[in-house]
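A.B. asks: Here is a sequence with its predicted model. Questions after.
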Amino acid sequence: MALQEINFDGIVGPSHNYAGLSFGNLAAMRSAGAVSQPRAAALQGLEKMRANLRLGLAQGLFVPQPRPARQWLAELGTSPEWSDVDLLANAMSASAMWAANAATVSPAPDTADGRTHLTVANLKSMPHRSHEWTATLAQLKLAFADERHFAVHGPVPPAFGDEGAANHMRLAERHGESGIEVFVYGLTGGAFPARQHVEAGRAVARLHGLDPGRTLFVQQSEEAIAAGAFHNDVVAVANERVLFAHELAFAGKDRFLDRLGALFPTLEHVEVPAVEVGLEDAIRSYLFNAQLVTPPGRGTTLVVPEEVRENPAVWAWLQRHLSGNGAIRRIEVVDVRQSMANGGGPACLRLRVVADLATIDPRFLVDEGKLDLLSSVIASEWPEQVDPNDLGRPALVNQVERARTALLEALNMPPSL
């Protein structure tokens, strides 16, 4: 098998809005009540996918989930027509676009049975995300249906919060070789909740058949969560031999790095000191919520949002410390402002899977032609603007459902997905 990294990006759904549902996500809290632009948001996401293709990377997608979440509302004894404003906002959330929270992925070289394992995240800590896993699981089972190469697991029981790959890192000499898997968990975040439970990570590691001797668990620092790093990928990102992290990302950092270095001697640790870039600037710019990738023949590349370039302290540090001869060779900048305003950068929008392209349902893979098709559908069907106060408006509900149907038809995907 020819194993390679494939980035599966979530398409921003037509109900994309700023209802301010995510407590602890400072960007989402700041944007609460603002008017969103679903069409622009989705097109920005497609442009990010195009940028990855231009770098020579393989690219996949996940489709928006059914909104409003009628089944969830029915389980609560109501419907979109009869829900109160707050409940309907939770049913209209487009947060499934952040595919980093879809699942945790362990590539075949790391697992006992030699298959790639995916465990769908339960996302139980936030009501608007807690109902996503059923639709996510349906997509995972369709995209990775070949049981010779994949094992797709249901969620960890909701007693233990699991928010997927946003709290998981993997280091390996190359993507297709055996690696070290790192599960990051939280204990406390001061006023904000710690969303990832250590028992969830341990359960995923067991389900995936990982070697305990090559699996690490590390606590996210309380300072990072309290500053707004609601997931580890807001303060750290890893790819192949490189770990790029803020100085205050981890509790017990020195012990963690010693253990990681002993297991993985070729580790290249790039640390951003707090005295040069504080947590506030790192989190506001989403410096670490970047895609760290290895394009063919280009060297390790950091794909950052425009907000990084616009933050003087962050951009100055990057210019001083990242060079063509270092662990990170290049910086690419993308515009995902609509997602950023709701608290999700380039890394939030993608789930990284190491697999053979030939083993994946091709409907979930994209090229320039397919992105052109999707752009046309989105430009004609997605709402131009959404005011959170209008989420219950029947005309908007109808447009959101009609837009998703048009997208599924364009991709030849089942309407029940």
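C.D. replies: Structure received.
A.B. asks: Give me the phi and psi for Ser106.
C.D. replies: Main-chain torsions, Ser106, degrees, to the nearest 10: phi -120, psi 120.
A.B. asks: Check the burial of it by counting its neighbours.
C.D. replies: Neighbour count of Ser106, defined by other Cβ atoms under 10 Å: 25. Backbone N, C-alpha and C define where each C-beta goes, glycine included.
A.B. asks: next one: Val272
C.D. replies: When counting by other Cβ under 10 Å, one arrives at 24 neighbours for Val272.
A.B. asks: can you map out the helices along the stretch 51-200 of the chain?
C.D. replies: Ranges of helices within the stretch 51-200 of the chain are 70-75, 85-92, 127-130, 133-143, 198-207, based on DSSP state H, counting those that start in this stretch.
A.B. asks: Turn these into a markdown table, columns for mean neighbour count and mean pLDDT.
C.D. replies: Converted to a markdown table, the helices of the stretch 51-200 of the chain look like this (neighbours: other Cβ atoms under 10 Å; pLDDT from 0 to 100):
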| stretch | mean neighbour count | mean pLDDT |
| --- | --- | --- |
| helix 70-75 | 15 | 97 |
| helix 85-92 | 20 | 94 |
| helix 127-130 | 19 | 96 |
| helix 133-143 | 20 | 98 |
| helix 198-207 | 20 | 98 |
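A.B. asks: for the chain, which spans come out with low pLDDT?
C.D. replies: Applying pLDDT under 70 to the chain picks out residues 1, 323-325.
A.B. asks: Pick out the residue nearest the middle of it.
C.D. replies: Centroid-nearest residue in the chain, with Cα atoms, centre = their mean: Ala100, separated by 2.0 Å.
A.B. asks: and the nearest residue to it once chain neighbours are set aside, what does it touch?
C.D. replies: Nearest non-adjacent residue to Ala100, counting by Cβ to Cβ, 6 or more residues apart in numbering: Ala166, 4.4 Å away. Shown in contact with Ala166 (Cβ atoms under 8 Å, 6 or more residues apart in numbering): Trp98, Ala100, Asn101, His231, Asn232, Asp233, Ala347, Cys348.
A.B. asks: rerun that using 10 Å as the cut-off
C.D. replies: By Cβ atoms under 10 Å, 6 or more residues apart in numbering, the contact set of Ala166 is 98-102, 104, 121, 184, 195-196, 230-234, 289, 344, 347-348, 351.
A.B. asks: separation between it and Val397?
C.D. replies: According to Cβ to Cβ, to the nearest Å, Ala166 and Val397 sit 29 Å apart.
A.B. asks: hey, where'd the strands end up in the stretch 51-200 of the chain?
C.D. replies: Using DSSP state E, counting those that start in this stretch, the strands assigned to the stretch 51-200 of the chain run over residues 58-62, 103-106, 116-120, 150-153, 168-171, 180-185.
A.B. asks: can I get the ones you listed in CSV with distance to His208?
C.D. replies: CSV is the format used below for those (distance: least, Cβ to Cβ, whole Å):
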stretch, distance to His208
strand 58-62, 20
strand 103-106, 4
strand 116-120, 4
strand 150-153, 8
strand 168-171, 11
strand 180-185, 8
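A.B. asks: which one of these lies closest to Glu381?
C.D. replies: Closest to Glu381 of these, according to Cβ to Cβ: strand 58-62, at 16.2 Å.
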